[in-house]
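Engineer: Generate a structure from the sequence data that follows.
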Amino acid sequence: MKAFKAAAAAIILIAGTASVQAEGSVGEAGILMDFNRDGKTDSSDWDQMRDWVANYRMKEGEETCYGNQEVPASINLLIDKDYAGAAKTADAVDLSGVTSYYLPSIGDTTPIKDQNPFGTCWAFGTIAALESNLLHKRHGNSGVINPDAFELKMDNVSKDLDLSELYHAYMNQEAVEDGSQKGEGSRPIKPNEKNANLLMGGFESSSQVLLTSWTGPLAESQEPYAPLSSANGSQDTYGLRDAENDRTSPVLAHVQEFVYIGSPSQYHIDTDRKRYIFDRTDREAIDRIKQAMIKYGALMISYNADQSMPGDGRNSDYMNYEHFCQFDDSIELSMNHMVTMVGWDDSYPRENFQTGKGKLPEHNGAFLIKNSWGNYDTSLEKYGNKFTEAYNVFSGSPEGQLLMSAFNYGIPDANGHGSGYAWVSYEDHSILNITAIDADDAMDGFQYDHIYQYDYAKPVSFVPISLPTDNSETLVANIFTSERDETLAAVSVYAPENNASAEIEVYRITDDNMQDPTGGELIAFTAADFACRGFYTVDLPEPAELKKGDRFAVVENIQTEKDGKKVSWLNLEQTIRSDLQTVDNINEGHSSVVANSGETLVYVNNGTKSVWADVKELDNTQAAKVLGFGNAYIKAYTITSEKEPLPSADPTYQGVQPGSSKEIDMILIMANLPKYIMWGGIALVVIIALIIFLIVRAVRKKKKAKAAE
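Structural biologist: Numbers count the residues shown, from 1 in each chain. Next up is the predicted model:
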């Protein structure tokens, strides 16, 4: 960016936080990371952080659907301690007087589904939000108030759409298999373990990388959540049915926005850097969440549920099972579950949250969540007559209801059965992440035909890791080569913080410009502001025409404000160094990055001046003691005359796939245990009597034989 380069001499250093220069062309690249809180960034910060990551251990029994990957998740708080939501957006609708709103009532959500037997809640939460976004826009409800949503009608859900959770979860642990980025991505540390790809867990950021790279979604009918084969006495085998064709199958949507809305719970990380500590409830965030629901549809939400998987056993410390509502008032926060938020009720009574601990929220109000633990209807569909038999036996007692809770979860529906929905208080301390998805629907024909990208790495953290630098002039650039004659119509931006701004320039370059892409021909430019952190697609006001073989560089300067001064960000793929990823501190999922020379350039301050350098030069910085650096979070979208094939039909609801009935079989065994004992006892008495009879008869025969002699 020529304007930025002209001002590079006037680098703004933040007082007390300037990086110490190291050897190498980029020095320390101006990266800010005051890990030891001594007011500056130097090698001691990275040494201490490396030791912290390497030696971090979860509390015993603190296993979650996120795969125990709390160490790198905490790194986000160390880099960016402000997790608060952003200011209201300009396109906000007037919600005064709208005290309740329910997306299921207007058909903007799909039916309750069942994630059993895996901890794939994150995939179900993501896909449910994506399905809702597509339905929300199809029904004309995006950004408008629909009065039909004021009253809760749980049976109005739509069966016009059913996307594959299995494909989404499975691909989370599949590294790139070919091309320049071969090897990048996530994979199980124990790849030969049965169902390894479905056991690792995932984050919101995992879904962001998958979906914004146009990896899926596919239809449920193509990759159903059902076992490939059943094994007696052990877990069934799950996997992709048609992995080869999946790669070339038309996807049903292109995800173009992935927005981290922010949480009502405000918190910080403790002095030992091991726990999130609750500070306060941000009441303004509640309104932002409602606005996001009106705009996008259902939202992804992570929180500390009473159980992390169906059937794990209930915890009534915070969950009221009479009303199926939760208020977690813990000071030390944790989360173990992801669901979708599908509505709200400002007047939901605070008294309903009464539990054995006796704590109540300060105000009325709750969010309606759609869980993925099934309900009465899905259990009936999945297990058939066996479920009916078990339900009839056990539903008449509190103990029996507890036993059946995994199959009959949620606030009662019109028939008195578990609906699969529950309430979470606005003030629940454990709500830590709320995320929105916006997608381009294949039904209408896609806006963009082709995507250029290098960023496939799954960040092992709730949101992608980005590092701020000590000046406002840091640039990141991705260089692509056009594969055909086409029109460059848009680029992506990752906003690493709330209230970020981006300046974007696109240059046509030659070999002469590979050391400085801004020396090429400027063919497009724009700027944009972002209220919330997240992934965005930015249309170019004047699209650029490209010829096959043209090389072009997308150059971005991403800025936020820190302590009253502008800072810019190294928006690069970043993950924990491979040698720091172990079973002990991040469980069994391994994430890696691949960056080849000539793909990504950075413009950073080396302590003396600002210089252009290949991203691989960052491997010489102190930050590389902890982090592995990949390509820039920049994609480019083109329109071509060669249109990709669209799906032949829109996938309708497939229902819950029949699965193993082992759990129901065990419950029925328990139900019939008294009968088994009774009849077993009778049989035992008969057998003993028969044995005695035979012994007596044998003895008598023997005596008669002797007498005859």
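
Engineer: how far away is the nearest residue to Ile411 once chain neighbours are set aside from Leu134?
Structural biologist: Nearest residue to Ile411, sequence neighbours excluded (C-beta to C-beta, 6 or more residues apart in numbering): Phe324, at 4.4 Å. C-beta: built from backbone N, CA, C; applies to glycine. Noted for Phe324: a distance of 28 Å to Leu134, by C-beta to C-beta, to the nearest Å.

Engineer: With neighbour numbers in mind, choose between those two.
Structural biologist: Neighbour totals were compared for Phe324 and Leu134, and Leu134 leads with 27 against 21 (other C-beta atoms under 10 Å).

Engineer: Could you list everything the closest residue to the more buried one other than its chain neighbours pairs with in the sheet?
Structural biologist: Leaving aside its sequence neighbours, Leu134 sits nearest to Asp441 (C-beta to C-beta, 6+ apart; 5.3 Å). Beta-bridge pairing for Asp441 (DSSP bridges): Ala253.

Engineer: List the contacts of the residue nearest to Gly185 when sequence neighbours are not counted.
Structural biologist: Using C-beta to C-beta, 6+ apart and skipping the chain neighbours, the partner closest in space to Gly185 is Ala175 (3.7 Å). Ala175 is in contact with 182-187, 592, counting by C-beta atoms under 8 Å, 6 or more residues apart in numbering.

Engineer: Only the buried subset of those, as a PyMOL command please.
Structural biologist: The PyMOL selection below is limited to those of the contacts of Ala175 classed as buried (16 or more other C-beta atoms under 10 Å):
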select buried, resi 184+185+186+187+592
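
Engineer: of the contacts of Ala175, closest to Tyr318?
Structural biologist: Comparing the contacts of Ala175 against Tyr318 with C-beta to C-beta places Ser186 closest, at 31.8 Å.

Engineer: Next one: that closest one relative to Tyr494, how far apart?
Structural biologist: In terms of C-beta to C-beta, Ser186 sits 18 Å off from Tyr494.

Engineer: Go ahead and confirm Tyr238 touches Asn195.
Structural biologist: Yes. Taking C-beta atoms under 8 Å as the definition, Tyr238 is a contact partner of Asn195 at 5.3 Å.

Engineer: more neighbours, the two?
Structural biologist: Under the criterion of other C-beta under 10 Å, the comparison of Tyr238 against Asn195 puts Tyr238 first, with 22 against 18.

Engineer: Mind exporting the C-alpha coordinates of stretch 131-141 to CSV?
Structural biologist: The C-alpha coordinates for stretch 131-141 follow below in CSV (Å, rounded to 0.1, in the frame of the first residue of the first chain):
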residue,chain,number,x,y,z
GLU,A,131,-29.4,-24.5,8.5
SER,A,132,-31.3,-21.8,10.4
ASN,A,133,-29.4,-19.0,8.5
LEU,A,134,-30.4,-20.5,5.1
LEU,A,135,-34.1,-20.9,6.2
HIS,A,136,-34.2,-17.5,7.8
LYS,A,137,-33.2,-15.8,4.5
ARG,A,138,-35.4,-18.1,2.4
HIS,A,139,-38.4,-17.1,4.4
GLY,A,140,-37.6,-13.4,4.2
ASN,A,141,-37.1,-13.0,7.9
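
Engineer: can you give me how far that stretch is from the chain middle?
Structural biologist: Here stretch 131-141 is found 20 Å from its chain centre; the criterion is C-alpha atoms, centre = their mean, to the nearest Å.

Engineer: got it, and stretch 345-360?
Structural biologist: That offset, for stretch 345-360, works out to 28 Å (C-alpha atoms, centre = their mean).
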